[in-house]
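Participant: curious how this folds, go ahead:
(one chain, ligands or ions: 1)
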Amino acid sequence: MMIAKYSASGNDFVLFHSFIARDRSELARTLCDRQSGVGADGLIVLVPHAEHDFEWQFYNSDGSTAEMCGNGSRACAHYAYSNGLAPANMTFLTEAGVIGAEVEGDMVQSDLTPPKILRDDIVAGGKKWWLLDTGVPHLVTFDADMDNFDLVEARALRFEHNANVNIASVNSDGSIRVRTYERGVEDETLACGTGMAACFYRANREELVGDKAEVYPKSGETLYLGLEEGTITFKGLVKKTFETVLDVK
Ligand SMILES: N[C@@H](CCC[C@H](N)C(=O)O)C(=O)O
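Facilitator: Residues are numbered from 1 along each chain as shown. Coordinates of the predicted model:
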């Protein structure tokens, strides 16, 4: 089976397509292992769908499934278009709902599911946190000192709230820096799309930014976030690192 390795702002994934949806949790753990496998933050498998261009299965590197993955959706759209599985303007089904995506060369935009503010009253570690849903749950706090990201505290909050954990800082030019401890990877990743979207949405709701912002994850790449009629748009480059044949099902 041909598999591809993609990086989307530093969040990296293994992808392939299949006619059959099956439990691939063990395969995800095997392929995503950075010592004995290909190495990735997640596994994405595209399967046929009667109404949309395709449906996907998304697995974190620990084998857990997640409803949505922002960076993964951009890599997946590029993979689908490149392999003739979908037009440049496509829709596909995730557990979070239907995602629209548009491929222009290596620049891909995903339209995420409508964001929800689940809680805005959490206080932990001397910081005020919001819990938001941008397809998956994210805790968000603002901290001017982006070096002040305590991964031990983040891990505790991740399990207390079953959510990804983000700290963000809004720059004077309206851009946003984000660091994310990612559920299911159980470590900080170089980028997390739904996390960047959650940080952007809180900053927008608190009038710290307008309806458009450049967001910089740990990788330092530039992502373009927007809020259009209640939908968060998420745009940035993706890169196919390599493809190869592997015995996977
Ligand atoms: N990195 C992803 C998020 C993937 C799912 C997350 N790890 C979870 O389990 O909630 C993104 O780009 O959004």
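Participant: sticking with Ala213, tell me its helix or strand.
Facilitator: In the assignment (DSSP states H and E), Ala213 maps to strand 212-216.
Participant: packing partners for that strand?
Facilitator: Secondary-structure packing of strand 212-216 (3 or more Cβ pairs under 8 Å, 6 or more residues apart in numbering; DSSP states H and E): strand 176-182, helix 193-205, strand 223-228. (Glycine included, C-beta is placed from N, CA and C.)
Participant: buried residues, the longest one. List them.
Facilitator: Think helix 193-205. Buried residues in helix 193-205, defined by neighbour count with 16 or more other Cβ atoms under 10 Å: Gly193, Thr194, Gly195, Met196, Ala197, Ala198, Cys199, Phe200, Tyr201, Arg202, Ala203, Asn204.
Participant: mean confidence score for stretch 70-88?
Facilitator: Stretch 70-88 shows a mean pLDDT of 98.
Participant: ignore what I typed, I meant stretch 172-183.
Facilitator: pLDDT averaged over stretch 172-183 gives 97.
Participant: could you work out the end-to-end span of it for me?
Facilitator: Taking Cα to Cα, to the nearest Å, stretch 172-183 runs 30 Å from one end to the other.
Participant: now do stretch 28-48
Facilitator: 20 Å.
Participant: pull out the buried positions in it.
Facilitator: 28-32, 37-38, 40-47.
Participant: out of the residues you listed, list just those in helices.
Facilitator: The helices, defined by DSSP state H, take in Ala28, Arg29, Thr30, Leu31, Cys32 from these.
Participant: now flag whichever of the residues you listed is closest to Leu15.
Facilitator: Leu31 (10.1 Å; Cβ to Cβ).
Participant: circling back: out of the helices and strands packed on strand 212-216, which gets nearest to Lys240?
Facilitator: Using Cβ to Cβ, the nearest of the helices and strands packed on strand 212-216 to Lys240 is helix 193-205, at 17.3 Å.
Participant: measure how the closest one sits relative to strand 212-216, angle-wise.
Facilitator: Our comparison of helix 193-205 with strand 212-216, counting by axes from the mean of the first three to the mean of the last three Cα atoms, to 10 degrees, yields an angle of 130 degrees.
Participant: number the residues from 40 up from this point.
Facilitator: Fine by me, first position is 40 from now on; the one you just mentioned is helix 232-244.
Participant: off-centre distance for helix 232-244?
Facilitator: 12 Å (Cα atoms, centre = their mean, to the nearest Å).
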